[in-house]
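J.: Predicted coordinates and the sequence they were generated for:
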Amino acid sequence: MLVSELFEADQARVDIGAVAQAAFARNFKKKFPGSRVVSISKRSSQVADIVVRYQGERLQFEIKARTGPDETNVVYAKTMRRGDSNKVFDAFARSFNDNTDSFCDLIDLYRKEDTSVGFPEDEGVKNSSGKIPWEFKSDDPDFLSLLRSLVIKHLKAHGDNYFGLYDLSTGTTSIYFTGHGENILSAKPYPKLTFVQIDTYGGGYKNSMRVAAKANIAASSKTVTF
């Protein structure tokens with residue numbers, strides 16, 4: 001993939017995210033009269049996506065967008081180099097193939113048949129961001145449960161009280177409680193993940209590969225929606 005193509009893909013993700021944030025801010029105030037949107041993060045910012053003031057409480061949200069209910073979202077990503085270990089991706093490797101102990105082992109197993117698969121520094125890999133086989137998917141409940149737990153842990157550590165999922169196909173946002181703070185919106189817990197695709201995410205840097213878990217999030221009609 002060319003650098004320009006990577007930039008365009010990143011730009012599209014950012015633009016969709018901006019649409020989701022704007023829709024959230026607009027509709028949240030209608031759903032919860034008396035609320036006030038304190039801040040909306042700027043493009044590519046690392047701060048909280050949206051901060052709201054409601055009933056005297058400061059509420060922080062992470063917002064994700066998707067084009068339809070069957071699509072995936074990046075729920076976890078890590079920059080990895082050959083030889084690195086990672087709890088999430090090593091667990092995926094073991095659930096995917098009983099004969100592997102790590103993500104690197106799994107990559108090397110596939111490299112025996114296709115040398116275009118691998119980390120950016122590996123011989124035969126032409127893609128600057130590395131290449132991960134399309135077959136790296138899973139609906140294993142134990143792995144999905146582990147991944148969900150780590151996602152929730154990350155959200156809470158970041159200070160997010162709620163997770164919002166905006167569906168572009170319906171124009172609706174569903175809200176889920178992360179477990180951080182008090183659930184004053186009475187939202188349902190962070191939803192289950194139905195399957196996950198392991199893939200590269202963005203460009204490589206100094207022979208590293210950005211590895212992402214792209215999961216389908218099982219949105220619920222029983223939680224807070226608007």
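T.: Alright, I've got the coordinates. Numbers count the residues shown, from 1 in each chain.

J.: just the helices in the chain please.
T.: 3-31, 87-96, 103-111, 141-157 (DSSP state H).

J.: TSV for the ones you listed, including mean neighbour count, distance to residue 80 and mean pLDDT?
T.: Where you see a C-beta, it was placed from the backbone N, CA and C, and this is true even at glycine. Supplementary listing: these in TSV, determined by neighbours: other C-beta atoms under 10 Å; distance: least, C-beta to C-beta, whole Å; pLDDT from 0 to 100:
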stretch	mean neighbour count	distance to residue 80	mean pLDDT
helix 3-31	15	18	69
helix 87-96	19	7	97
helix 103-111	20	7	97
helix 141-157	16	16	97
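
J.: can I get the ones you listed in CSV with distance to residue 68?
T.: Converted to CSV, the helices of the chain look like this (distance: least, C-beta to C-beta, whole Å):
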stretch, distance to residue 68
helix 3-31, 12
helix 87-96, 24
helix 103-111, 29
helix 141-157, 20
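
J.: looking at these, which is closest to residue 78?
T.: Taking C-beta to C-beta as the measure, the helices of the chain were each checked against residue 78, and helix 87-96 came out nearest at 7.0 Å.

J.: helices or strands next to that closest one in the packing?
T.: Using 3 or more C-beta pairs under 8 Å, 6 or more residues apart in numbering; DSSP states H and E as the contact criterion, the secondary-structure elements in contact with helix 87-96 are strand 73-80, helix 103-111, strand 137-138, helix 141-157, strand 193-200, strand 209-217.

J.: Okay, now the sheet partners of the third one, with direction.
T.: Looking at strand 137-138 with DSSP bridges, its partner strands are strand 193-200 (antiparallel).
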